[in-house]
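What follows is a predicted protein model with its sequence.
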Amino acid sequence: EFRRSVDAGDGKPATLTSQKCTSPTDDMNRKTESMATSGCHASPVARSGNIYSFSFKCTLQGVPVESKSVITFENESAYKVDVESKQGSRTSREQLDARRIGDCKIE
């Protein structure tokens, strides 16, 4: 289960909840692949204990974009992601809480 809180800098944070069958490694690989195909350049992933961090820099539609992500693994069933993004002069923040709620069901 994913609980995502997004503050686009307008003072009106939005919270979204969703469920999907995935793993933290798959999620991180999809994110880095997606950013790379958009012409973004990623920093190497840094690790300190159970905390991983990386950043992206790119230009989208002529606007410079920087994103910094910090992933904190709580245990094998939960992790958190904090992302701060700057697009031009605008800063947004996103927090994701991911928790395992059961086995994946293939239908």
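Received, thanks. Residues are numbered from 1 along each chain as shown.

which strand of the protein spans the most residues?
strand 63-75 (DSSP state E).

Skip ahead from it and say which helix or strand is next.
Once the chain leaves strand 63-75, the next helix or strand it forms, by DSSP states H and E, is strand 78-87.

So which residues of the protein form helices?
Assigned helices in the chain, in chain order: 24-37 (criterion: DSSP state H).

For it, give me the ranges with low pLDDT.
24, 28, 32, 35-37, 106-107 (pLDDT under 70).

sorry, back to before: check which helices and strands the longest strand of the chain sits against.
Here strand 63-75 touches helix 24-37, strand 51-60, strand 78-87, going by 3 or more CB pairs under 8 Å, 6 or more residues apart in numbering; DSSP states H and E. No exception for glycine: its C-beta is placed from N, CA and C like everyone else's.

So what's the gap between the second one and the chain middle?
What separates the centre of strand 51-60 from the centre of its chain is 10 Å, taken as CA atoms, centre = their mean, to the nearest Å.

For that strand, buried residues please.
52-56, 58 (16 or more other CB atoms under 10 Å).

Let me have the helices and strands packed on strand 63-75 in a markdown table, extended by distance to Thr15.
Shown next, in a markdown table, are the helices and strands packed on strand 63-75 (distance: least, CB to CB, whole Å):
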| stretch | distance to Thr15 |
| --- | --- |
| helix 24-37 | 19 |
| strand 51-60 | 24 |
| strand 78-87 | 14 |
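
and Ser5, which of the ones you listed is closest to it?
Of all the helices and strands packed on strand 63-75, it is strand 78-87 that lies closest to Ser5, at 10.1 Å by CB to CB.
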